[in-house]
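Trainee: Generate coordinates for the sequence data below:
(one chain, ligands or ions: 2)
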Amino acid sequence: KTSILYFEKDPSKCENKKNSIKFYKNGLLIIEETKIFASGDYEELISLYNIDKKDISLEYEDNLIMPGFIDTHLHYAQTEMIGSFGEQLLPWLEKYTFPTEMKYKDPIYAKEMANFFIKELFKNGTTTAAVFTTVHKESTNAIFEVANKYKMRLIAGKVMMDRNAPKELLDDAKSSYEDSLELIEKWHEKDRLLYAITPRFAPTSTKEQLELARKLKEKYPTTYIQTHLSENLNEIQWVKSLFSNAKSYLDVYDSFGLVTNRAIFGHAIYLEEQEYKTLHEKGASVSLCPTSNLFLGSGLFKIKKLKDENCEVKIGFGSDVGAGTTLNMIKTLNEAYKIVSLEQNSAQNREALSAFEGFYQITLGASISLDLEDKIGKLASNYEADFVVIDFKADEIQNLRMQKIEEQNKDDLAELEEKLFALMIMGDDRNIKATFVNGKKVY
Ligand code: GUN
Ligand code: FE
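Mentor: Ligands and ions are numbered 1, 2, ... in the order given. Sure thing, here's the model as predicted:
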């Protein structure tokens, strides 16, 4: 028996969770080339399509198939510097990040690291990511070339950065426009690839550069914008001093037309009321990065506030490697759970992060936040065939815990929820048994 699970809606928004979930305890997934043909109950599909059981090519006994995980914010050039000691955001950038990113001017090095990075994503069950490269065209070409080898759905973009960093890492407004334009022409909407216009964050772009980012977005309306927002208190102060006319941090981006329904803002920890409103009204999305926020001591995000009924902001989760400490989205959910638990102290936030909500957010929730909900994030027919096979019992302790849950003989969904939660707290890459991208096994 192989189980199949995907979400139709946000379980935290449904009175009856069952209405948000598709779960087949004994399931079957039928792939036609690169798309999902059907998913459902094993016996039903066998008889409906007259399938000979001998023709079923892969069996994952006792495992769970889910949509591939989606990481909505990370930096591929920082994979090699995870766990760099002792600093908060701004000195961490100066001391560790900028020197590392300088190496990615070399296209051979960048390609080697891009290959490593994409393989690690697959090993961790991540099939789509929104990736910052570096200021270099070379590193951006490298990641797109590797992703396209697998026909992966990847969003990436060259960092635009024309001030407040070492001069080896700076572009200028004009060259950042021209390089980005060339990369968009080359990669955006080529097969499954998508381009994100990527000003690093407000402090490292001049007004001229942000103005040209707006021009790019106007010229190519289906591209994304990705950047950082309100991650760290010193950073926020710095933004206020650099852009003294702006009403808020987000207003810097908004005043250049960069807050749109295809904009992804990393972090968003310390938002003011008006910033929530603007994100909501513009349909922009936020990527929450728990392992990074804890590692850099940045602060605790407010997921329940972002999901407020009257002013909901679309969210996904990001590993934010290399400030984040893992590429693994299960471990990312584990830390998210703890942040939500700490935040429960405040009066409005009484609810913990459930397993269904967590796994929803790294599949369908993320695809909605990326405006890709008609393509990825579900295992329904015609969706792109990106999925993971999960083994709940990767070691002795997990095995023991799962057995104890099974012994309770709860109903199927209650048992699933309990097992998924234990997975969310104890799981890692060992629980990823296989990963499929575009209908093919890549791990
Ligand atoms: N803000 C600007 N650049 C970065 C970065 O590389 N990582 C993180 N976490 N925050 C940033
Ligand atoms: Fe980041």
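Trainee: what bridges to residue 267?
Mentor: Residue 267 has these beta-bridge partners by DSSP bridges: residue 229.
Trainee: From residue 56, how far out is it?
Mentor: 44 Å (C-beta to C-beta, to the nearest Å). All C-beta spots, glycine's among them, are computed from the backbone N, C-alpha and C.
Trainee: Have a look at those two and say which one is more surrounded.
Mentor: residue 267 (29 against 14; other C-beta atoms under 10 Å).
Trainee: That one contacts residue 290, correct?
Mentor: No - when contacts are counted by C-beta atoms under 8 Å, residue 267 is not listed as touching residue 290 (10.3 Å).
Trainee: Can you check which residues contact both of those two?
Mentor: Listed as contacting both residue 267 and residue 290 by C-beta atoms under 8 Å, 6 or more residues apart in numbering are residue 301.
Trainee: Excluding covalently adjacent residues, which one is nearest to residue 282?
Mentor: residue 259 (4.6 Å; C-beta to C-beta, 6 or more residues apart in numbering).
Trainee: where does that neighbour land in three-state SS?
Mentor: Following DSSP: H, G, I helix; E, B strand; the rest coil, residue 259 is assigned to coil.
Trainee: again, but for the one 5 residues further on
Mentor: At residue 264, secondary structure determined by three-state DSSP is strand.
Trainee: And the pLDDT for it?
Mentor: On the pLDDT scale, residue 264 is placed at 99.
Trainee: Not counting residues beside it along the chain, what's closest to it?
Mentor: Nearest residue to residue 264, sequence neighbours excluded (C-beta to C-beta, 6+ apart): residue 226, at 4.5 Å.
Trainee: okay but that neighbour is in contact with residue 158, surely?
Mentor: No - between residue 226 and residue 158 there is no contact under C-beta under 8 Å: 11.0 Å.
Trainee: For the two, list the residues in contact with both.
Mentor: By C-beta under 8 Å, 6+ apart, the residues touching both residue 226 and residue 158 are residue 198.
Trainee: circling back: could you verify that the residue nearest to residue 264 is part of a helix?
Mentor: No - assigned with three-state DSSP, residue 226 falls outside any helix and is strand.
Trainee: That one: neighbour count?
Mentor: Neighbour count of residue 226, defined by other C-beta under 10 Å: 28.
Trainee: The one 3 residues further on too?
Mentor: Counted with other C-beta under 10 Å, the burial measure for residue 229 works out to 29 neighbours.
Trainee: quick one, what contacts it?
Mentor: With C-beta under 8 Å, 6+ apart, residue 229 has these contacts: 201, 249, 250, 253, 265, 266, 267, 268, 271, 286.
Trainee: Restricting to those residues, which residues neighbour ligand 1?
Mentor: residue 201 (C-beta under 6 Å from any ligand atom).
Trainee: domain parsing for the chain?
Mentor: As given by automatic domain parsing, the domain ranges for the chain are 3-67+378-441, 69-369.
Trainee: mind checking which of the ones you listed is nearest ligand 2?
Mentor: Closest to ligand 2 of the domains of the chain, according to C-beta to the ion: domain 69-369, at 4.5 Å.
Trainee: And ligand 2, is the closest one touching that?
Mentor: Yes - Domain 69-369 is in contact with ligand 2 by C-beta under 5 Å from the ion, via 266, 320.
Trainee: and that domain, how far from the chain's centre?
Mentor: Distance of domain 69-369 from its chain centroid, counting by C-alpha atoms, centre = their mean, to the nearest Å, is 9 Å.
Trainee: How about stretch 428-437?
Mentor: Chain-centre distance of stretch 428-437: 16 Å, with C-alpha atoms, centre = their mean.
Trainee: and that stretch, C-alpha only, in PDB?
Mentor: Listed next in PDB are the C-alpha coordinates belonging to stretch 428-437 (Å, rounded to 0.1, in the frame of the first residue of the first chain):
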ATOM      1  CA  ASP A 428      14.900  15.200   7.800                       C
ATOM      2  CA  ASP A 429      16.400  14.100   4.500                       C
ATOM      3  CA  ARG A 430      16.400  10.500   5.500                       C
ATOM      4  CA  ASN A 431      12.600  10.500   5.300                       C
ATOM      5  CA  ILE A 432      12.800  11.400   1.600                       C
ATOM      6  CA  LYS A 433      12.800   8.000  -0.200                       C
ATOM      7  CA  ALA A 434      12.500   9.400  -3.700                       C
ATOM      8  CA  THR A 435      11.900  12.600  -5.600                       C
ATOM      9  CA  PHE A 436      10.300  13.000  -9.000                       C
ATOM     10  CA  VAL A 437      10.600  16.100 -11.200                       C
END
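Trainee: Please identify the buried residues of it?
Mentor: Within stretch 428-437, the residues scored as buried using 16 or more other C-beta atoms under 10 Å are 428, 429, 431, 432, 433, 434, 435, 436, 437.
Trainee: Closest to residue 142 out of those residues?
Mentor: Checking the buried residues of stretch 428-437 against residue 142 by C-beta to C-beta gives residue 437 as the nearest, at 18.2 Å.
Trainee: contacting residues for that closest one?
Mentor: By C-beta under 8 Å, 6+ apart, the neighbours of residue 437 are 68, 122, 127, 150, 151, 152, 386.
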